[in-house]
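Engineer: give me the fold of what follows.
(2 chains)
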Number of protein chains: 2
Amino acid sequence: MIKLANSLVKMSKQLKVTVIGSGNWGTAAAKIVSQNVKVKTMFDPTVKMYVLEELINGQKLTEIINTKHENVKYLPGITLPSNLIAIPDLKEAITDSDLLIFVLPHQFIKSVVSNVKATNAVKSGAIAISLIKGIDIKGHVPTLNTAIITEELNIDCSILSGANVAMNVAKEEFCEATIGFNVKENAKVWQQLFDTSYFKIRCVNDVAGVEICGAIKNVIAVAAGFCDGLELGSNTKAAIMRMGFLEMKKFTLQFFPKALDETFFESAGIADLITTCFGGRNVKCAAEFAKHGGNKPWNQIESELLNGQKLQGVSSAEQLYDIILKHNIQDEYPIFSTTYLISFGKMKPKDFIPKLSTDTLIDF
Amino acid sequence: MIKLANSLVKMSKQLKVTVIGSGNWGTAAAKIVSQNVKVKTMFDPTVKMYVLEELINGQKLTEIINTKHENVKYLPGITLPSNLIAIPDLKEAITDSDLLIFVLPHQFIKSVVSNVKATNAVKSGAIAISLIKGIDIKGHVPTLNTAIITEELNIDCSILSGANVAMNVAKEEFCEATIGFNVKENAKVWQQLFDTSYFKIRCVNDVAGVEICGAIKNVIAVAAGFCDGLELGSNTKAAIMRMGFLEMKKFTLQFFPKALDETFFESAGIADLITTCFGGRNVKCAAEFAKHGGNKPWNQIESELLNGQKLQGVSSAEQLYDIILKHNIQDEYPIFSTTYLISFGKMKPKDFIPKLSTDTLIDF
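Structural biologist: Sure thing, here's the model as predicted:
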């Protein structure tokens, strides 16, 4: 049974917060919530952040964060609030916490959730939120990270996603984010925890819609990158983005029929798509790929352009295509399908547009 | 009474086409339709283009177009089909034509339509389409160019709009466009006339929605330009574009309640907005304006950056604000209102974001 956070609020207990993850986005998010808990009395004024320990010039990262108040490895140059405490032990980090924030690379979600479960330290009545982007495939249908968290830990899990570049958020530049929720009372707590004047939160009763948009937008960014690499004009790129946006909407509704139309108008929908298609690693690497006629391997491009970071759009395109193929719906998703085919050498980048253009009139 | 083009088609008469206007977009559009009439037997194989005569190095522009097949002044470097005939006399250009394409700067629409009417040469049963972007204000409500054409000439008028940069279209780079129609049979004729494999036409039964988007997107581009000039990050710009997009939708539905939701997903909606906010004159000039703290006059910016072309977004912002103010709905349109206030010196560009940010939680 999933308990609601508001029952905790009603007990006039201060809610304790733990951030699980300490990469650039995790640290930026931790900064926001640490600012908020200092001024909102419904929260305990200390935030714990679980940090996978590592040595930086011989010193432990947790020690650096707790003394220098800066995550020198993943968010250098940003001063963190002193009420944010880095903790290298997972069990210690989550013990007694009411609010668990999962923010880590998508590929680690299963092992981390499994480790969290193994601690036996998740408090009864705790709730979770995922800030993770990316989806998995199980039985040729997309599975949600929020569902993995809920199933493994038996706690309600919301999602937060939006047009949010970690460093810009850390610098407190104005942006928006979307919380997708199952339980309204819980969303109200998360909104209190995350909303600031420079980080505006809007909430929708649609976990799946918010989460799927966050993963699929990377595939459309790969398509947009092909446009850039082929030196096509801005109207071609806008056409690709528009068609990709409609495919994203259609795909989400096909596999999660309860997803809401309004989600696509939120920051997690159209705004994140726009940001991602005009900047970021997927579009940059895809442009490089197309520029070299599809003959330069992705891992070479990654190592040349991403400085150790990984591409998500290409593997997401493969996952989507696996689903699309199994359901035999390639024709309904020309952008997704073509992006996969080009990315995996089954089509040349220069054949991207010819694949989309047709002399057939569109019926109406 | 407005006759339908399909009655003409049924008479197995070939439909004659006239393009009224010969700027860069007019000439690019004329190129497309001239290609199509050569291969589609429902059309007369000659297209007439009305050209306001001018001398280029002592030679008449119409003569140059008709002999060199290039509009050296407005679309240099693009070879035009030889079945496109430039005509300097308006009456001669429209006489006998079934299909009238209006494509000229918005500020000339009233005088040109009035001149067309004065010729007494508009054929009974002719229909029109407008490729004009921009709106007018009459009695504090927006008035449509299509409505002006219909009222003055008593003919049905559709609209074509989309993410279309004239030169890119002329180079046959892939893009999309939207036709908004009142009469489906007429839209089918226009689709046949404009659709090519590189210029894909989709049709919606919504003239007002398509036309209003084409005008309002320039105001949002001014807001996006302020972001650029203030050197804000891509997530801030995406937030501004998203909020502007929702205001565009709301405004359109407020004044034209029959506008369709789907229009905003068409090329004339979201795709044109994206293109316009990442390139083009409005965003460029607004960035320059913000960079100089709002202290550099618009006409100076125009003359420095636009080489004689005129800004549309700033005057459109003024028109919108006139309507908004009269209806006392400023609070419902923060992006439109703030863009006007900054553009006309009533607020500083640096106060753009503080005006939008708030500590108030958004209700849901």
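
Engineer: so for stretch A:294-311, first residue to last residue, what's the gap.
Structural biologist: 16 Å (Cα to Cα, to the nearest Å).

Engineer: give me the mean pLDDT for it.
Structural biologist: Per-residue pLDDT over stretch A:294-311 has a mean of 89.

Engineer: near chain B, which residues of the stretch 251-364 of chain A?
Structural biologist: The stretch 251-364 of chain A has residues A:265-267, A:270-272, A:274-275, A:278-279, A:353, A:356-359, A:361-362, A:364 near chain B, with proximity defined as Cβ under 8 Å from any Cβ of the partner chain. (C-beta placed from N, C-alpha, C; glycine too.)

Engineer: looking at the residues you listed, which are in strands?
Structural biologist: The subset of these located in strands under the criterion DSSP state E is empty.

Engineer: domain map for chain A?
Structural biologist: Following the TED database, one finds the domains of chain A at A:15-208, A:215-357.

Engineer: now do the longest strand along chain A: which elements does it pack against?
Structural biologist: Using DSSP E, we find that the single longest strand of chain A is strand A:43-50. Secondary-structure packing of strand A:43-50 (3 or more Cβ pairs under 8 Å, 6 or more residues apart in numbering or on different chains; DSSP states H and E): strand A:15-20, helix A:24-39, strand A:84-87, helix A:90-94.

Engineer: and those: which comes nearest chain B?
Structural biologist: Among the helices and strands packed on strand A:43-50, helix A:24-39 comes nearest to chain B, with 10.1 Å by Cβ to the nearest Cβ.

Engineer: ok, of the residues of the stretch 251-364 of chain A next to chain B, which come out buried?
Structural biologist: A:265-267, A:270-272, A:274-275, A:278-279, A:353, A:356 (16 or more other Cβ atoms under 10 Å in any protein chain shown).

Engineer: give the contact list for residue A:182.
Structural biologist: Going by Cβ atoms under 8 Å, 6 or more residues apart in numbering or on different chains, residue A:182 touches A:156-158, A:205, A:207.

Engineer: using the three-state scheme, assign it.
Structural biologist: coil (DSSP: H, G, I helix; E, B strand; the rest coil).

Engineer: and the pLDDT for it?
Structural biologist: 97.

Engineer: cool, and residue A:279?
Structural biologist: 88.

Engineer: residues in contact with the residue lying closest to it once chain neighbours are set aside?
Structural biologist: In this structure, residue A:279 finds its nearest non-sequential neighbour in residue B:234, 5.0 Å apart by Cβ to Cβ, 6 or more residues apart in numbering or on different chains. The contact partners of residue B:234, by Cβ under 8 Å, 6+ apart, come to A:163, A:165, A:168, A:275, A:278-279.

Engineer: which pair in these spans the largest distance?
Structural biologist: A:168 and A:278 (13.6 Å; Cβ to Cβ).

Engineer: just the endpoints, please. Distance across stretch A:191-198?
Structural biologist: Using Cα to Cα, one end of stretch A:191-198 lies 13 Å from the other.

Engineer: tell me the strands in the stretch 101-250 of chain A, going along the chain?
Structural biologist: With DSSP state E, counting those that start in this stretch, the ranges of strands along the stretch 101-250 of chain A come out as A:127-130, A:136-138, A:141-143, A:157-161, A:175-180, A:199-204.

Engineer: out of those, which gets the lowest mean score?
Structural biologist: Minimum mean pLDDT among these: strand A:136-138, a mean of 77.

Engineer: listing partners with orientation, what would you give for that strand?
Structural biologist: strand A:141-143 (antiparallel) (DSSP bridges).

Engineer: give the rounded mean pLDDT of stretch A:54-66.
Structural biologist: Stretch A:54-66 comes out at a mean pLDDT of 96.

Engineer: so what would you say the end-to-end distance of it is?
Structural biologist: So stretch A:54-66: terminal residues 14 Å apart, Cα to Cα.

Engineer: do stretch A:49-58 as well
Structural biologist: OK, stretch A:49-58 end separation, Cα to Cα: 21 Å.

Engineer: give the buried residues for stretch A:72-79.
Structural biologist: Quick answer for stretch A:72-79 (16+ other Cβ under 10 Å): A:73-75, A:78.

Engineer: what's the answer for stretch A:301-320, then?
Structural biologist: A:301-302, A:311-317, A:319-320.

Engineer: dihedrals phi and psi, residue A:60?
Structural biologist: Dihedral angles phi and psi of residue A:60 (degrees, to the nearest 10) take the values phi -70, psi 140.

Engineer: any idea how far the residue nearest to it when sequence neighbours are not counted is from chain B?
Structural biologist: For residue A:60, ignoring the flanking residues on the chain, the nearest one in space by Cβ to Cβ, 6+ apart is residue A:53 at 5.9 Å. Here the criterion is Cβ to the nearest Cβ, to the nearest Å. By it, residue A:53 lies 31 Å from chain B.

Engineer: now swap in residue A:256 and tell me
Structural biologist: 19 Å.

Engineer: again with residue A:56
Structural biologist: Counting by Cβ to the nearest Cβ - residue A:56 and chain B are separated by 27 Å.

Engineer: was I right about residue A:80 contacting residue A:31?
Structural biologist: Yes - with contact defined as Cβ atoms under 8 Å, residue A:80 counts as touching residue A:31 (5.5 Å).

Engineer: any residues in contact with both of those two?
Structural biologist: Common neighbours of residue A:80 and residue A:31 (Cβ under 8 Å, 6+ apart) do not exist.

Engineer: neighbours of residue A:284, how many?
Structural biologist: 18 (other Cβ atoms under 10 Å in any protein chain shown).

Engineer: how far off centre is stretch A:26-36?
Structural biologist: 16 Å (Cα atoms, centre = their mean, to the nearest Å).

Engineer: tell me the average confidence for it?
Structural biologist: Stretch A:26-36 comes out at a mean pLDDT of 98.

Engineer: what sits up against that stretch?
Structural biologist: A:17, A:19-20, A:22, A:43, A:47, A:49, A:71, A:74-75, A:78, A:80-81, A:83-84, A:101, A:103-104, A:131, A:160, A:164, A:166-167, A:169-170, A:192-196, A:199.

Engineer: residues contacting residue A:135?
Structural biologist: A:106, A:142-145, A:211-212, A:215, A:316, A:319.

Engineer: now the buried members of these.
Structural biologist: Among the contacts of residue A:135, the ones that count as buried (16+ other Cβ under 10 Å) are A:106, A:142, A:144-145, A:211-212, A:215, A:316, A:319.

Engineer: out of the residues you listed, which sit inside helices?
Structural biologist: Mapping the buried ones among the contacts of residue A:135 onto helices (DSSP state H) picks out A:145, A:211-212, A:215, A:316, A:319.

Engineer: still on that earlier bit, what's the closest of the helices and strands packed on strand A:43-50 to residue A:174?
Structural biologist: Short answer: helix A:24-39, nearest of the helices and strands packed on strand A:43-50 by Cβ to Cβ, at 13.0 Å.

Engineer: buried set for that closest one?
Structural biologist: Result for helix A:24-39 [16+ other Cβ under 10 Å]: buried residues A:24-37.

Engineer: quick one on the thing from earlier: can I get the helices and strands packed on strand A:43-50 in JSON lines including distance to residue A:220?
Structural biologist: Compiled in JSON lines, those are given as follows (distance: least, Cβ to Cβ, whole Å):
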{"stretch": "strand A:15-20", "distance to residue A:220": "29"}
{"stretch": "helix A:24-39", "distance to residue A:220": "20"}
{"stretch": "strand A:84-87", "distance to residue A:220": "35"}
{"stretch": "helix A:90-94", "distance to residue A:220": "35"}
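
Engineer: re earlier: sheet-wise, list the partners of the longest strand of chain A with their directions.
Structural biologist: Applying DSSP bridges, you get strand A:15-20 (parallel), strand A:84-87 (parallel) as the partners of strand A:43-50.

Engineer: quick one: which of the strands of the stretch 101-250 of chain A is nearest residue B:249?
Structural biologist: Here strand A:199-204 is closest among the strands of the stretch 101-250 of chain A (Cβ to Cβ), at 15.7 Å.

Engineer: assess the claim that residue A:16 and residue A:101 are in contact.
Structural biologist: No - with contact defined as Cβ under 8 Å, residue A:16 does not reach residue A:101; the gap is 11.7 Å.
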